[in-house]
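Enquirer: What follows is a predicted structure for the sequence shown.
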Amino acid sequence: MKKRIMVCLTALVLVFVMTACGKKSDDVTVDITKLAADLQESIDSSVAEISSDIFASTFFVDMDKIEESTALLNSGAYAGEIVIVKCKDSDYVSEVETLFQTRAQNQSKLFADYNAPEAAKLDAALIRSAGNYVVYCVPDDTAKAEEILKAAGF
């Protein structure tokens, strides 16, 4: 009898542990406009929002697979960038992360020729995902950007 009770209690504990670990990725909700505004505080230079057409051609994303996006880029003299996307399907998240990594690498090579300190920022670009959201940020203040992303669930 005691053995049966122990087996039942162990099974019950396992069920609770397995269902309580973290929140489901589908439960993540992000106000991308607010998050982008918050992340702007981590960039010293000014950034401006670009159209979805320019975003698609600059980052090579398939806009048919993107539910919502915002992209703020610098004029080209500085590396600061903020891009936040919500993918329609979780299968596209890893591809977007790869595209963002490629963007950071390409920009770093470009900046290395004429503005090495900015290239270093690109080498440390933040790429984070949660649920169907992916964030790409090239901040001046990495600690501040990390804090903002952590508070937003990334």
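Expert: Cool, got the structure.
Enquirer: Identify the residue nearest the geometric centre of the protein.
Expert: In the chain, the residue lying closest to the centroid (CA atoms, centre = their mean) is V135, at 2.0 Å.
Enquirer: Thought V134 was touching I127, still the case?
Expert: Yes. With contact defined as CB atoms under 8 Å, I127 reaches V134; the gap is 7.2 Å. (C-beta placed from N, C-alpha, C; glycine too.)
Enquirer: which helices and strands sit right next to the one helix or strand the residue nearest to the centre of the chain maps to?
Expert: Here V135 sits within strand 133-138, counting by DSSP states H and E. With contacts defined as 3 or more CB pairs under 8 Å, 6 or more residues apart in numbering; DSSP states H and E, the packing partners of strand 133-138 are helix 32-40, strand 81-87, helix 93-112, strand 126-130, helix 142-151.
Enquirer: That strand pairs with which strands, and in what direction?
Expert: Sheet pairing of strand 133-138 (DSSP bridges) gives strand 81-87 (antiparallel), strand 126-130 (antiparallel).
Enquirer: Tell me which of the ones you listed sits most buried.
Expert: Highest mean neighbour count of the strands paired with strand 133-138: strand 81-87, a mean of 25 (counted as mean count of other CB atoms under 10 Å).
Enquirer: could you give the mean pLDDT of it?
Expert: Mean pLDDT, computed over strand 81-87, is 98.
Enquirer: sorry, back to before: can you give me the distance of the residue nearest to the centre of the chain to K65?
Expert: For V135, the distance to K65 (CB to CB, to the nearest Å) stands at 17 Å.
Enquirer: next one: A130
Expert: Distance of A130 to K65, computed by CB to CB: 17 Å.
Enquirer: Same question for R103.
Expert: R103 is 17 Å from K65, by CB to CB.
Enquirer: Please apply the same query to A143.
Expert: Taking CB to CB, one finds A143 at 32 Å from K65.
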